[in-house]
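Novice: Below are the sequence and a predicted model; questions follow.
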Amino acid sequence: MAPPPELIDDAITEILLRLPPDDPSCLQRAALVCKSWRRVLSDPAFLRRYRAFRQIPPPLLGFLRPFYGGTGRPVLGFVPLTPFRPRLSDDIRSGGWVVDCRHGRALLLSSSTSPGGERRADMIVWDPMTGDRRRLRDPGFPFKVHTAAVLCAAAGCSHLGCHGGPFHVVFVFSNATDWFTRACVYSSETAAWSAPASLDLIDVFFVTGRQGVLVGEAFYFLRVRGILQYDLARHCLLAIEFPAYMNSNTILMEAEGDRLGVACMSGTNLYLHYREALATICLISSQCNSRKSVTGAPSHMSILT
């Protein structure tokens, strides 16, 4: 009996488009069938078409969280919500805290102290879907507290299949020697850190280790008594003041209309703000060459009790 005719590429694509989106392992198994299937599945154009065909956002695969073993040191683990299981190599398991996840990448951050007493930041950018990872060199600046964020750096990318593309890492840190908070950016294309943007926040300078949020062309991070904004396009920092009743039970989020949303629990009340309702207290940066002081009371607030 003659072997069946080979499927043409268009027919293969139509078949693969119908794989269930809630189980990425189906795509992985299909990629092992033959080279032609693997070529189709690894094509960014196919991944974009797959998302458009299904008309659904990328599924929530699970949660990355630390687990504590007998050593007392945190070990990274994965709590699945689908059959997908990422491969957690030893360097990923022990790579530190996951401080950010965005555009198909996770950012692991830990710090260590040199024999001379200087703290250094150890960072790994990891793609859970492909297993690719890159260890970043230390930015080389002294710090007391720090946080970081990762994002895709490809122009015009839909972020539905940007695995293997360029990325940026924003590293924000504060130190107790000159009362400054600074931010610098790592580029995967140059493998180098930018010069830092600086902001003098005096006694309210400390940035927290909480995850930041990307809204438009700016990152927002929680700091003591307020929010720190980093403008990606202008490479400068901005301090945003909290109302007096806001406390540490505050989270940042992207709201409708490409705006920053701020939610805070105080007693039994939930306070919700938009970015324009919060007062800007100062903007100082050598890159922006400007300084502003603005006062204002919240004008867009909802209270749920």
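Specialist: That came through fine.

Novice: Any buried residues in the lengthiest helix in the chain, and which?
Specialist: The helix that spans the most residues within the chain, counting by DSSP state H, is helix 44-54. Across helix 44-54, burial judged by 16 or more other Cβ atoms under 10 Å covers P44, F46, L47, R49, Y50, R51, R54. Every C-beta, even on glycine, is put in place using the N, C-alpha and C of the backbone.

Novice: Could you verify my assumption that the second one touches E14?
Specialist: Same thing as F46. No: when contacts are counted by Cβ atoms under 8 Å, F46 is not listed as touching E14 (11.0 Å).

Novice: Any stretches of the stretch 51-200 of the chain with poor pLDDT?
Specialist: 56, 58, 69-72, 114-118, 160-161, 176 (pLDDT under 70).

Novice: One more pass at 90, please.
Specialist: 51-99, 103-104, 109-122, 128-131, 133, 137-147, 154-165, 173-182, 198-200 (pLDDT under 90).

Novice: As a check, name the ranges of all strands in the stretch 151-300 of the chain.
Specialist: Under the criterion DSSP state E, counting those that start in this stretch, the stretch 151-300 of the chain contains strands at 167-174, 180-187, 192-193, 197-200, 213-215, 218-223, 226-231, 236-241, 250-255, 259-266, 269-274, 280-282.

Novice: need the ones you listed in a markdown table with mean neighbour count and distance to K144, can you?
Specialist: Output for the strands of the stretch 151-300 of the chain, formatted as a markdown table (neighbours: other Cβ atoms under 10 Å; distance: least, Cβ to Cβ, whole Å):
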| stretch | mean neighbour count | distance to K144 |
| --- | --- | --- |
| strand 167-174 | 23 | 6 |
| strand 180-187 | 22 | 10 |
| strand 192-193 | 14 | 19 |
| strand 197-200 | 20 | 15 |
| strand 213-215 | 20 | 23 |
| strand 218-223 | 22 | 13 |
| strand 226-231 | 23 | 15 |
| strand 236-241 | 22 | 17 |
| strand 250-255 | 16 | 21 |
| strand 259-266 | 18 | 25 |
| strand 269-274 | 17 | 28 |
| strand 280-282 | 18 | 21 |
